[in-house]
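Enquirer: Predicted model follows, preceded by the sequence.
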Amino acid sequence: MTNRLAGPPIGPGSQPTAPQQPPIMRPPATLAPSQLSTQLSGMHLSGQSRPPVQISNYSSGPPTKPGFGSEPLVSPPANFYHPPGSFPQGINGGPAPPTSSPDQPFQPPGQQQHGSLPPSQYMNGSMGPPPAHIPVQGGNIPVAHRSVPPTGVPPQSGGIPTQHRGMLPPFGGMPQSGTVPPLTQPGPPTGKSYPSLDMYHPNAGVPPKMQQPPMGPQGPAASYRSPHQHMGPQQPPHPFMQSQPARLFVPENLPSPVTKDDEHNGDLIFDMNEEGVTTHFSTRDGSNASPRYIRSSMHSIPSRINMMKEVAVPFCLVVSPLARTSDEDVLPPVIDMGKIGPVRCIRCKAFMCPFMQFIDGGKRFRCPFCKATTEVPQEYFQQLDDTGLRVDQFQRPELNQGAYEFVATKDYCRNKTLPKPPALIFLIDVSYNNIISGLVHLLHNQIKEILKLLPKDEGAETSNMRVGFITYSKEVFLYSFKTSFPCPMVMWGDVEKNSVSMPEVFLCDAAESEAAIKNLMKYIFTLYDDTTETETVLAPAIQTGLRALQASKCAGKLLVFHSSLPTAEAPGKLKNRDDKKLLGTEKEKKLLAPQGNVYSSLGQECAVAGCSVDLFIFNNSYIDLATIGQVSRFSGGEIHKYSNFQADVDGERLIADIKHDVSRPVAFDAAMRVRTSTGVRATNFYGHHFTSNTGEMILGSIDCNKALTIEIKHEDDLTKEDGVYIQVALLYTSCGGQRRIRILNLSLNKCIQMRDFFRRCDQGTIINFIAKQTVFRLLESSRKSVKENLVNQCAQMLACYRKCERRASERQLILPVSMEFLPLYVYCILKSDVVSGSDMTIDDRSFLMQAVTIMDIPSSVEFFYPRLIPLHDIDVDSDELPSSIPCSSDKIRNDGVYLLDNGFHLVLWIGSNVDMKWVENVFGVHSAAHIDTDSTSLPVLDNALSARIKFVIDSVRKERHRCMRVSVQCFSTVILRLLYRHVFCCL
């Protein structure tokens, strides 16, 4: 295959080696793996689930009572974050990525630690900090000293200083082997901190301005910012507290991933040089790309390869190059360099970026990725000022921004010819199942509204995309559009010989041919209204759509509406191998792997041709999604599944999904390459794509809802001068037919201390990578071994962090603040249907596994830990979503109503003792027993409560790219136990 990204395109400097699996790490000697694994098992990482809970709000000063840490620690706190530098000293005048040393803790240039401020005023989360100054109590605190809660959840507005959140209290009487007593149910709802019964706190319930410092033997104790303080039961100083029995375990002291929205989150502006978060925020472009586009699992890279092996934390990137931005964000600028095209490194072919260093009076530049020196083209030359910067640095986006696009020249196009606008082809299965379910009739009625939403480039008034139509059952039919004929002409393809007679005019403009399209859909519905054909083909139909795009010399997307297992005599015929009993056994991996390579090869052929395949599945029985789904996986497409589809019930959901699929931002005929500086290298790639022999990721298309996860291997010690530099280049064709190159740049610091490393890990990125890696391992290994490896990997990370905290008690489970929810999320992955789904169909299991592989970070985190919203006490006058609560069974009241959302299912649970007035206002019936649980929508009633509930449901739906059907459950936990047993019902 021709490498379109080599030479003038984005070719590599050298041939990459074959992907390698990361080496198996051994845990540090300070805690045996079996001991820490036992602790994690005690937390029920692989057994019955237990709830996430929240730590109480303690003071920032070190207490003086035994058991809580009588000796203050003077080293920096574990959750003290530092923004990564953009590029080293001398490169365009920017500061060098700071490093740390044993004598001096990690400190960014130009910033000082605010030791006079209590940590509770600026440390309130666990992810990367925003880079602005936000007014909080006590003065303007740099946001670099604030931290953000775990990925996918809102920031926390108050509560315990986060240096206390990274440690679980010691378990009294716990044996040295590490066995942990069973966890109890969680405490009060999040957003507040409650003092535990076994620990008296003098400031409990007192406003911050009135709190007294902890008293020591000589008066008020000094306020130290300790990295960790023991949270074990201490001797209560009050007589009343002495009369209370000591409790072994206080669930309120454990962290919870659900917190209240920060009161400032609507005003936060995040510099792109800061670590990424997924709360509501706006970005201000810098030399690093927005965290919406690219995120790293670590923002301080170990300088030594041995240290990288010891920490056992995966080094990975999650890239979503077309991610949607907020209204306050600025889209990446488009740069047209004219005939000279983008300026690139002569050796590694990296594109011009802010990390390039101009030398020799601006006549040459040094590449930070390969250290080569390249002559500056005469058309691009500019003088340098007295600081060594180009005088036009702030006028050129490629010299001061992290995300931007170049207009590609003919050298980056197929056959050095500028591309045509892409096309959209509808492939409709017209067999008996789709006719009787009402699908064909539904498409006939809605196709006009769907085609009005075709995507267009920024600033364009109309879409340039064209459309085409194909129908099939046992035969494949194409339809030709000619302006002189009011009705389409039928053309037939021979599926046995895999040959197609292409029509003269197959693609048409949706606006100009509106009448012809309407006549076509009416003709199709009339022609197949009484069909009895039940056998279908699939591979020949997709092959026909691909040949049609190739004949039209354009890229595009195929929307395939399929209903049954392809059993007709044709290429791609499949056998029914449904055997649900094999799920959960050693043989289940055979069912989850494809049978044959017909659809895999077809998907790769589509990707190379610039064509992606989106499957809309309407099965009533086994359809072997593990096999036919490979065509979407390798072409960069997506799968939508509607089991037992009925148009009157699921039609609204289907049309919403089609409209979203058609209208969202998308790039066609794409190729992506990741370049890194010396010492690290991209190895494994996870997502829907096809990896070529040259190491490029080939995608028929990629849209705003898809993310690719890339594993980075640390191959050599890092140099003293530089950190780590990463550039992602995406070559693609826009909706208007323009060839572009989107560039995403990222610079990362290096560190030589483990404490600095663990302070700046990205928990959401790690979870996204672990989930996708687990899916691929399930296709090769048994479920038992995959689970054991996942638990051991989590144990290794925590064992390495314990090595950093030698002063902590051996009986305590120590969690780094940046990964304090890692055991919880790992447990959620272990118990999810993706890994442990034995009581579901094979097709449903395959569907979830393929859906996880394309998820971005917010989607993956909220899928494994669903959102639970109480609706029984909702404020009808508010216009915002209610705050969510932990997914814990003890939070569920019999008189409550809750909305549960994980991105695929939307469950409205109604308790047995719910207020009848609430039921009447929302459902229009006098008793909860009379609620129609088969309905997928709520009745429209003329009252404030009904309008408010519908607003919440619609708002939740809009946040997802799949339209979720509302399932109403009265007094029942059966469906919740089936769908969310991994988090909800067992907690």
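Expert: Yep, it's here. Residues are numbered from 1 along each chain as shown.

Enquirer: residue ranges with poor pLDDT in the stretch 751-900 of the chain?
Expert: Counting by pLDDT under 70, the ranges of the stretch 751-900 of the chain that qualify are 808.

Enquirer: can you pull out the strands in it?
Expert: 867-870, 897-901 (DSSP state E, counting those that start in this stretch).

Enquirer: Would you point to the one among those strands that's packed deepest?
Expert: Highest mean neighbour count among those (mean count of other CB atoms under 10 Å): strand 897-901, with a mean of 22. Glycine gets a C-beta too; all of them are placed from N, C-alpha and C.

Enquirer: circling back to that earlier point, present the strands of the stretch 751-900 of the chain as TSV; the columns should include distance to residue 588.
Expert: Supplementary listing: those in TSV, determined by distance: least, CB to CB, whole Å:
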stretch	distance to residue 588
strand 867-870	30
strand 897-901	28
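
Enquirer: Quick one, which of those gets closest to residue 423.
Expert: Residue 423 sits nearest to strand 897-901 of all the strands of the stretch 751-900 of the chain, at 35.2 Å, using CB to CB.

Enquirer: Between the strands of the stretch 751-900 of the chain, which one is closest to residue 738.
Expert: Residue 738 lies closest, by CB to CB, to one member of the strands of the stretch 751-900 of the chain: strand 897-901, at 37.7 Å.

Enquirer: Sheet-wise, list the partners of that closest one with their directions.
Expert: Sheet pairing of strand 897-901 (DSSP bridges) gives strand 867-870 (antiparallel), strand 906-910 (antiparallel).

Enquirer: Residue 646 is nearest to which of the ones you listed?
Expert: Closest to residue 646 of the strands paired with strand 897-901, according to CB to CB: strand 906-910, at 18.3 Å.

Enquirer: Need the contact partners of the closest one.
Expert: The contact list for strand 906-910, computed with CB atoms under 8 Å, 6 or more residues apart in numbering, reads 871, 892, 897-901, 919, 928, 931, 953, 956-957, 964-973, 975-976, 979.

Enquirer: Could I have the CA atoms of it written out in CSV?
Expert: Taking Å, rounded to 0.1, in the frame of the first residue of the first chain, the C-alpha atoms of strand 906-910 are listed here in CSV:
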residue,chain,number,x,y,z
LEU,A,906,-31.7,5.3,31.1
VAL,A,907,-33.7,3.7,34.0
LEU,A,908,-36.3,5.6,35.9
TRP,A,909,-36.7,3.8,39.2
ILE,A,910,-39.7,4.4,41.4
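
Enquirer: State the mean pLDDT of it.
Expert: Mean pLDDT, strand 906-910: 91.

Enquirer: I'd like the next helix or strand past that strand.
Expert: As assigned by DSSP states H and E, the chain's next helix or strand after strand 906-910 is helix 916-923.

Enquirer: And that next one, what does it pack against?
Expert: helix 944-958 (3 or more CB pairs under 8 Å, 6 or more residues apart in numbering; DSSP states H and E).

Enquirer: what angle do the helix it packs on and strand 906-910 make?
Expert: Between helix 944-958 and strand 906-910, the angle comes out at 150 degrees (axes from the mean of the first three to the mean of the last three CA atoms, to 10 degrees).

Enquirer: Go through helix 944-958 and flag the buried ones.
Expert: Residues of helix 944-958 classed as buried by neighbour count (16 or more other CB atoms under 10 Å): 945-946, 948-953, 956-957.

Enquirer: Given the helix or strand following it, what are its sheet partners and their directions?
Expert: Sequence order places strand 966-970 as the next helix or strand after helix 944-958, per DSSP H and E. When pairs are called by DSSP bridges, strand 966-970 turns out to pair with strand 906-910 (parallel).

Enquirer: okay, stretch 452-462 in PDB with CA atoms only?
Expert: The C-alpha trace of stretch 452-462 is given here as PDB (Å, rounded to 0.1, in the frame of the first residue of the first chain):
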ATOM      1  CA  LYS A 452     -31.300  18.200   5.700                       C
ATOM      2  CA  LEU A 453     -28.700  17.600   8.400                       C
ATOM      3  CA  LEU A 454     -25.700  16.600   6.200                       C
ATOM      4  CA  PRO A 455     -22.500  18.100   7.600                       C
ATOM      5  CA  LYS A 456     -20.700  21.000   6.100                       C
ATOM      6  CA  ASP A 457     -17.500  22.900   6.700                       C
ATOM      7  CA  GLU A 458     -17.200  25.800   9.000                       C
ATOM      8  CA  GLY A 459     -18.500  28.900   7.300                       C
ATOM      9  CA  ALA A 460     -20.200  27.000   4.400                       C
ATOM     10  CA  GLU A 461     -23.900  27.700   3.800                       C
ATOM     11  CA  THR A 462     -24.800  24.300   2.400                       C
END
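
Enquirer: Go ahead and name everything in contact with that stretch.
Expert: 331, 424, 463-465, 467, 510-511, 659, 662-666, 734-736, 738.

Enquirer: Out of those, which sit inside strands?
Expert: Among those, DSSP state E puts 424, 467, 666 in strands.

Enquirer: What is the neighbour count of residue 515?
Expert: By other CB atoms under 10 Å, 10 other residues sit near residue 515.

Enquirer: I misspoke; the intended subject was residue 879.
Expert: Neighbour count for residue 879, taken as other CB under 10 Å: 8.

Enquirer: What distance do you get for it to residue 868?
Expert: Residue 879 sits 21 Å away from residue 868 when distances are taken as CB to CB, to the nearest Å.

Enquirer: So, low pLDDT: which residues of the protein?
Expert: 1-280, 483-489, 491-501, 504, 808, 972-987.

Enquirer: Mind splitting it into its structural domains?
Expert: Domain assignment for the chain by the TED database gives 255-284, 421-663, 762-865, 866-983.

Enquirer: Which of those domains sits closest to residue 677?
Expert: Of the domains of the chain, nearest to residue 677 by CB to CB is domain 255-284, at 16.9 Å.

Enquirer: Distance to residue 473 added to the strands paired with strand 897-901, as a markdown table?
Expert: Below are the strands paired with strand 897-901 laid out as a markdown table (distance: least, CB to CB, whole Å):
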| stretch | distance to residue 473 |
| --- | --- |
| strand 867-870 | 42 |
| strand 906-910 | 34 |
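
Enquirer: out of those, nearest to residue 591?
Expert: Here strand 906-910 is closest among these (CB to CB), at 27.9 Å.
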